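J.: got a predicted structure here, sequence first:
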Amino acid sequence: MKSNARYADEREFSDIAAEKTLANVPGDLKLSNIDSFEDLCGKIDYLRSVPAFFRSLRSKRVLELGCGNGWISLRFAKSGAHVWACDISPKMIELAQRYARAAGVNITYDTMICEEMTYEDNFFDFVFMHMALHHCDIAATAKQIHRVLKPGGKALIIEDYAYHPLMRIYRALTPNKHTSHERPLTERDVSTFVSPFSRQSVQWSGLFNVFETTGNKLLQRLRPVVRRIDAFLLAHVSSLAKYSRIVVVKVVK
């Protein structure tokens with residue numbers, strides 16, 4: 001019963017967010033600058049290492065879990081992958097489908113709970129999850145990802161980390177932006193997630209470079225400098241990694 005209540009709350013939260021967009025934009029919905037996944041990764045710091053991990057996406061079976069409005073799945077499709085995407089929210093799936101139609105790409109969308117996937121065993125080459133695992137039962141989701149991956153298949157998750165001081169304050173001050181069930185990942189959560197897999201690696205991003213996108217022109221000008229500071233500190237002071245905003249976890253079945 002506890003899981004059912006969590007599922008209902010998470011679904012309602014996402015449905016409401018999607019309905020705002022669906023209600024305010026008539027006709028076809030378009031996301032601007034729909035480029036390839038590789039090009040997208042070149043623009044966002046914490047994604048920069050992903051293409052080298054997945055290598056070529058062309059003709060690969062790729063699953064995005066917790067896809068939201070599908071902004072990343074669109075890029076997978078633009079890179080030539082065969083893409084499946086699922087989300088707990090039927091309204092988010094409706095929104096993602098409309099974006100996909102407007103972009104002219106073919107993606108298989110499913111309304112599905114990550115902990116209870118119905119995809120075949122050993123089916124996908126890659127599984128990707130962006131800022132969604134913290135809504136889920138981590139052990140159950142890891143088990144499902146392991147099940148649906150082909151032998152040697154790869155999965156990658158990107159998540160908020162629990163220890164960044166500024167983000168802890170932000171989360172405390174903005175409870176309406178989060179569900180009551182979600183929480184950023186801890187070190188123990190990462191250990192739980194990687195446990196079913198044969199190989200794993202963990203990277204961190206965002207000590208001072210906290211916001212990847214902003215309309216503030218001063219912050220935009222400062223970003224290259226802040227990126228270099230972050231890169232230097234993370235490379236030379238390993239104890240600071242824990243206080244990064246983002247954790248990137250890569251695993252191989």
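T.: Yes, it's here. Numbers count the residues shown, from 1 in each chain.
J.: chain center to stretch 138-145, what's the gap?
T.: 15 Å (Cα atoms, centre = their mean, to the nearest Å).
J.: buried residues in it?
T.: Across stretch 138-145, burial judged by 16 or more other Cβ atoms under 10 Å covers 138, 141-142, 144-145. The way it works is simple: take the backbone N, C-alpha and C, and place the C-beta from them, glycine included.
J.: residue 18: what's it in contact with?
T.: By Cβ atoms under 8 Å, 6 or more residues apart in numbering, the residues touching residue 18 are 69, 89, 91-92, 94-95.
J.: please apply the same query to residue 195.
T.: Per Cβ under 8 Å, 6+ apart, neighbours of residue 195: 139, 142.
J.: do a quick rundown of the strands in the stretch 151-253 of the chain.
T.: In the stretch 151-253 of the chain, the segments counted as strands under DSSP state E, counting those that start in this stretch are 199-205, 246-252.
J.: circling back: with pLDDT, distance to residue 206 and secondary structure as added columns, please give the buried residues of stretch 138-145 in CSV.
T.: Output for those, formatted as CSV (pLDDT from 0 to 100; distance: Cβ to Cβ, whole Å; DSSP: H, G, I helix; E, B strand; the rest coil):
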residue, pLDDT, distance to residue 206, secondary structure
138, 97, 21, helix
141, 98, 23, helix
142, 98, 23, helix
144, 98, 28, helix
145, 98, 24, helix
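J.: so residue 150: helix, strand or coil?
T.: Applying DSSP: H, G, I helix; E, B strand; the rest coil to residue 150 yields a three-state assignment of strand.
J.: counting neighbours, what do you get for it?
T.: 15 (other Cβ atoms under 10 Å).
J.: fine by me, thanks again.
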